[in-house]
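Q: could you look at this predicted model? Sequence included:
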Amino acid sequence: MAKKQKQRGSLRGEEHVEAAAAAAHEDAPAANAEGEAAAQEAGGSGSEVAEGRSADAASGGVEEGKEEEAAAAEEEEREVTFDELGLDEQLKRALRKKGLTKTTPIQREAIPLILEGKDVVAKAKTGSGKTFAYLLPLLQELLKLCKEGRIRKSAPNALILVPTRELCQQVYNEASSLLELCTSKLKIVQVTASMSDKDIKLALSGPPNILVTTPACVAACISKGIVQGSSIKESLSMMILDEADLLLSYRCEDDLKALVPHIPRSCQSILMSATSSPDIDKLTKLLLHNPFVLTLTEVGHAKDDVVPRNVQQFWISCSAKDKMLYILSLLKLELIQKKVLIFVNSIDNAFRLRLFLEKFAIRSAVLNAELPQNSRLHIIEAFNARLFDYLIATDDNKTKEAKQTNKESKKDSKGSRKHLQQTLDAEFGVVRGIDFKNVFTVVNFDMPPNPAGYIHRIGRTGRANKTGASISLVSPEEDNVFEEIEHMLQDVEKKDTNCILPFPLLTKNAVESLRYRAQDVARSVTSRDIQEARRQDVKNEILNSEKLKAHFEENPTDLDLLKHDKLLTNKSIPAHLRDVPEYLIDPTTKEASNAVKLSRAAMGLDNPRRKKRMGFRSGSGKSSDPLRTFSAEGKSRKRRGKEREGDDR
Ligand SMILES: Nc1ncnc2c1ncn2[C@@H]1O[C@H](COP(=O)(O)OP(=O)(O)OP(=O)(O)O)[C@@H](O)[C@H]1O
């Protein structure tokens, strides 16, 4: 099976030394050892191997190339089931019980390679199933060691390193849910920096077979002597770096370097990532040995796929001060599908937006780094369970915010100082690989600072092949980053045309009909209101956090308690803000809004039972998808007129 995988056209050797083995594989489907030897014989130069290959292709002629491409596409489109991958019976049964039968492309490519014992660097788009791509072979290996009585028990046998606590929890949940369905019991724990040394020691006593943690936490455990470096050297057989492209952005380099001397040479290392970056190369060199580099191309196409194809990307050009007006128009006129995840760049902006929307009877919750970890996890859980439809998230813990919080804490009264003094959580991350369930629309209220941030944000929709959309509100100050993002998408996806289109469902008239109300309400949200709301929210969440912890230990499935979108103010909402009067909505907008509702109904999103059965599948809604069929202003509204709606008002 594994040999067959290597012959596929979807593997592309990268042009660096570590990739030589992969390139050699692709040309000559020999055993991996031979491939690696060949690469090394070629002077260890990956680029030499890559050049040799392109020369061959040129001499083979264009026709031959096309045939090969078609054959590769055909092979790629063949569905591979988990049963075909030679997994342990227990795992196959567990997958069946979870309703998972067919592999995703990254799973069918990576699992056989990892099972062969190779170090693997795998790059695949967001939401493509990378977690099971490493968890399944990891569990398989540990089950095998258990059966053969070869498990060494002085420290964990496998280490899964992720950048944030939210990811620790998510990976831990995924692995535990599989293990619960297996008969042999492997022990898995997660430890994070928020735990006391005593709790960490307790969790690691045993020791567990699998440890899910962050690099900072494992480095601290070693330096404090909670885990002995020598024990790790003796026991560790597998190490995973998940969301590797983000690990270094969490300033984990020193922590990882501290870990290196304790990793045994025999340890198999896997690195998973959604984007490429020099950081990935750095980590690869630091921790992996002659890895197989797997860059997954889109099924049937010889090109990289960074944003899932099932996600339609849109943009709206507007001034920074008009962003509130535009988001109000999108939500109040129901021009976008729920659930909606809205990204903003600061916690203050998040609360400003929440308070603003609340005055129009649109409830939302805010997810940010200053909340207690319990609350953050519950907010994600509640949003996933559809207890509310709009989540406003800050995706980075800005030092600027931390400084601001400290400054405020000095000024503030004694009673409220406690919560203000808590620092922002350095291990917090929302976009960082979190598997939000069934988010249909991602809105960039503020643009992310760079293209990688954009990809990770957009990756919160369109997961596991579901349909999704993204809308970016781009102000003139954000033009540069928007252009950078467009160039990156065109370069990576080898496209001449624009990948991000103007949003077609919002007319100028519709926006103008709400302008007066929006401006009036936006003015009424003062900085003081924002600080008060922010304080109130943290206070509520801290109070809730302890209650929630106790409650969920006893009632793990009870979600009714999680009402994170509770109103921040007690004032009643005037009727003219709660409901948009009919006369204000122009016929085109009405038509667009009805089309969105119809499409929603057609996809079964209004009927929770059906929604569950259908699993939000893509395809079913395509023909009725208003974003594909509707044009508010006809064909003339092609992009790049750079007419900024709202600029000149
Ligand atoms: N073979 C499969 N069939 C159906 N669904 C799957 C399969 N494998 C994984 N999934 C589901 O797909 C979703 C996305 O998977 P996962 O979180 O592993 O993606 P990812 O590639 O790690 O994304 P990111 O880069 O954003 O972290 C999850 O809800 C997961 O349960």
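A: Thanks, I have it. Residues are numbered from 1 along each chain as shown.
Q: when you work out contacts or count neighbours from here on, use the C-alpha atoms and nothing else.
A: Noted.
Q: what is the neighbour count of the single nearest residue of the stretch 451-600 of the chain relative to the ligand?
A: Of all residues in the stretch 451-600 of the chain, the one sitting closest to the ligand is residue 464 (4.1 Å; CA to the nearest ligand atom). Residues within reach of residue 464, counting by other CA atoms under 10 Å, total 18.
Q: so what's it up against?
A: Counting by CA atoms under 8 Å, 6 or more residues apart in numbering, residue 464 touches 127, 128, 129.
Q: helix, strand or coil for the second one?
A: Residue 128 falls in the coil class when you classify it by DSSP: H, G, I helix; E, B strand; the rest coil.
Q: contact partners for it?
A: Per CA under 8 Å, 6+ apart, neighbours of residue 128: 104, 105, 106, 463, 464, 465.
Q: if you skip the residues just before and after it, what's nearest to the fourth one?
A: Distances taken as CA to CA, 6 or more residues apart in numbering put residue 127 closest to residue 463, at 4.3 Å, once the chain neighbours are dropped.
Q: that neighbour contacts residue 458, doesn't it?
A: No - using CA atoms under 8 Å, residue 127 is not in contact with residue 458, being 10.1 Å away.
Q: tell me where the stretch 51-200 of the chain has helices.
A: 62-77, 89-97, 105-115, 130-147, 165-179, 197-204 (DSSP state H, counting those that start in this stretch).
Q: who has more neighbours, residue 127 and residue 458?
A: Counted by other CA under 10 Å, residue 127 and residue 458 do not tie: residue 458 has more neighbours, with 28 against 23.
Q: for that one, grab phi and psi.
A: phi -60, psi -30 (degrees, to the nearest 10).
Q: closest to residue 292 out of the helices of the stretch 51-200 of the chain?
A: helix 105-115 (8.1 Å; CA to CA).
Q: pLDDT weak spots in the stretch 51-200 of the chain?
A: 51-78 (pLDDT under 70).
Q: could you rerun that using 80?
A: Along the stretch 51-200 of the chain, segments meeting pLDDT under 80 span 51-78, 149-153, 184-185.
Q: residues in this protein within reach of the ligand, list them.
A: 100, 102-104, 126-132, 274, 433, 435, 459, 463-464 (CA under 6 Å from any ligand atom).
Q: which ones are touching the closest residue to the ligand within the stretch 151-300 of the chain?
A: Nearest residue of the stretch 151-300 of the chain to the ligand: residue 274, at 4.9 Å (CA to the nearest ligand atom). Going by CA under 8 Å, 6+ apart, residue 274 touches 123, 124, 125, 126, 243, 245, 306, 456.
Q: between those residues, which has the most around it?
A: residue 126 (29 neighbours).
Q: do I have it right that it meets residue 466?
A: No - here residue 126 lies out of contact with residue 466, judged by CA under 8 Å, at a distance of 12.0 Å.
Q: ok so, going back, can I get the contacts of residue 274 in CSV including distance to residue 503?
A: Listed next are the contacts of residue 274 as CSV, based on distance: CA to CA, whole Å:
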residue, distance to residue 503
123, 30
124, 27
125, 24
126, 23
243, 31
245, 30
306, 21
456, 21
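Q: out of the residues you listed, flag the one nearest to residue 530.
A: When the contacts of residue 274 are compared against residue 530 (criterion: CA to CA), the nearest one is residue 456, at 27.6 Å.
Q: what's the helix or strand for the closest one?
A: Secondary structure assigned from DSSP states H and E places residue 456 in helix 451-458.
Q: quick one: mean pLDDT over that helix.
A: Averaging the model's pLDDT scores along helix 451-458 yields 86.
Q: angle of the helix or strand just after that helix against helix 451-458?
A: Using DSSP H and E, the helix or strand that directly follows helix 451-458 along the chain is strand 468-474. With axes from the mean of the first three to the mean of the last three CA atoms, to 10 degrees applied, the angle from strand 468-474 to helix 451-458 works out at 130 degrees.
Q: what lies in contact with strand 468-474?
A: 310-320, 323, 439-447, 458, 461-462, 482, 503.
Q: quick check: chain neighbours aside, which residue is closest to residue 244?
A: residue 273 (5.2 Å).
Q: export the helix holding residue 456 to CSV, keeping only CA atoms.
A: C-alpha atoms of helix 451-458 as CSV (Å, rounded to 0.1, in the frame of the first residue of the first chain):
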residue,chain,number,x,y,z
PRO,A,451,-1.5,36.3,4.4
ALA,A,452,-0.8,33.4,6.8
GLY,A,453,-3.2,34.9,9.3
TYR,A,454,-5.8,35.2,6.6
ILE,A,455,-5.4,31.5,5.6
HIS,A,456,-5.8,30.4,9.2
ARG,A,457,-8.8,32.6,9.8
ILE,A,458,-10.6,31.5,6.6
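Q: and it, which residues are buried?
A: Within helix 451-458, the residues that count as buried by 16 or more other CA atoms under 10 Å are 451, 452, 453, 454, 455, 456, 457, 458.
Q: so the first one sits right up against residue 485, yeah?
A: The one in question is residue 451. Yes - taking CA under 8 Å as the definition, residue 451 is a contact partner of residue 485 at 4.8 Å.
Q: what touches both of these two?
A: Contacts common to residue 451 and residue 485, judged by CA under 8 Å, 6+ apart, are absent.
Q: quick check, residue 393 in a strand?
A: Yes - counting by three-state DSSP, residue 393 is found in a strand.
Q: I'd like the distance between it and the ligand.
A: As judged by CA to the nearest ligand atom, to the nearest Å, residue 393 and the ligand stand 16 Å apart.
Q: go on, residue 354?
A: According to CA to the nearest ligand atom, residue 354 and the ligand sit 25 Å apart.
Q: I'd say that residue and residue 363 touch.
A: Yes - in this structure, residue 354 is within contact of residue 363 by CA under 8 Å, at 7.5 Å.
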